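**Q** This is the structure alone, sequence omitted:
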């Protein structure tokens, strides 16, 4: 499968090795972090500098931790994910919901509902990234950031083919392409952890 708005990618770009039910794959709770302590600390510091204090946030493809600054209060943090045990264990979420975005990318929220959106180490699994990103842009207030962070780690059988074929620099270019084609502007790339002594971590941010 591919996306008509991404004609430069092959037809198989968003195929997965494991075509089984995603909800079944994610059914066992994984109360672990998928990046190391140095990378998570760097992400928290980045959130501290970028996210609006007291804002309404949505954390897409979330889990039991959102890496938000512990001292910062927000008007609300809505979490999306695939496992109820993980999401219910996340103390930063004021509300959460389960949805397979590969089957249904439409989000239930009103236009301009949030002041920021986060997606940490999950973008590699999206089979309809432009549809999801366009929905995120719709529900963000004008000028609000969408922070997409990623490392070089993943569940390879669930990552899409184009992600598996690229290295970190290619991942940056791919996420920038997703953001540009879905209407985000003012794109920035921040290397939060260089990977020399642990996991690399990059954040690509677009503004609605």
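**A** Nice, I can see it. Quantities reported herein were computed from a predicted structural model and do not represent experimental measurements.
**Q** Quick one: the helices in this protein, in order.
**A** Using DSSP state H, the helices found in the chain span residues 22-25, 37-50, 84-88, 129-139, 161-165, 168-181.
**Q** Can you lay out these as a markdown table showing mean pLDDT?
**A** Putting these into a markdown table (pLDDT from 0 to 100) gives the following:
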| stretch | mean pLDDT |
| --- | --- |
| helix 22-25 | 72 |
| helix 37-50 | 96 |
| helix 84-88 | 94 |
| helix 129-139 | 97 |
| helix 161-165 | 96 |
| helix 168-181 | 97 |
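**Q** Dump those helices to CSV, plus distance to residue 63 and mean neighbour count.
**A** No exception for glycine: its C-beta is placed from N, CA and C like everyone else's. CSV is the format used below for the helices of the chain (distance: least, Cβ to Cβ, whole Å; neighbours: other Cβ atoms under 10 Å):
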stretch, distance to residue 63, mean neighbour count
helix 22-25, 14, 14
helix 37-50, 12, 17
helix 84-88, 5, 16
helix 129-139, 17, 22
helix 161-165, 19, 18
helix 168-181, 20, 17
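**Q** Show me what the residue positioned nearest the centre of the chain is bridged to.
**A** Nearest to the geometric centre of the chain sits residue 119, at 2.0 Å (Cα atoms, centre = their mean). In this entry, residue 119 is beta-bridged to residue 60, residue 148, by DSSP bridges.
**Q** Check residue 200 too.
**A** Beta-bridge partners of residue 200, as defined by DSSP bridges: residue 194.
**Q** Could you count how many residues lie near it?
**A** 18 (other Cβ atoms under 10 Å).
**Q** mind listing what the residue nearest to the centre of the chain touches?
**A** By Cβ atoms under 8 Å, 6 or more residues apart in numbering, residue 119 lies in contact with 59-61, 146-149.
**Q** ok, now with 6 Å
**A** Residue 119 makes contact with 60-61, 148, according to Cβ atoms under 6 Å, 6 or more residues apart in numbering.
**Q** Out of these, who's the most crowded?
**A** Counting by other Cβ under 10 Å, top hit in the contacts of residue 119: residue 148 with 29 neighbours.
**Q** Does that one touch residue 123 like I think?
**A** Yes - with contact defined as Cβ atoms under 6 Å, residue 148 counts as touching residue 123 (5.3 Å).
**Q** on that earlier part again, export the helices of the chain to CSV and tack on distance to residue 96?
**A** Below are those laid out as CSV (distance: least, Cβ to Cβ, whole Å):
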stretch, distance to residue 96
helix 22-25, 15
helix 37-50, 18
helix 84-88, 4
helix 129-139, 16
helix 161-165, 25
helix 168-181, 24
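**Q** Figure out which of these is closest to residue 199.
**A** Judged by Cβ to Cβ, the one of these that comes nearest to residue 199 is helix 37-50, at 4.5 Å.
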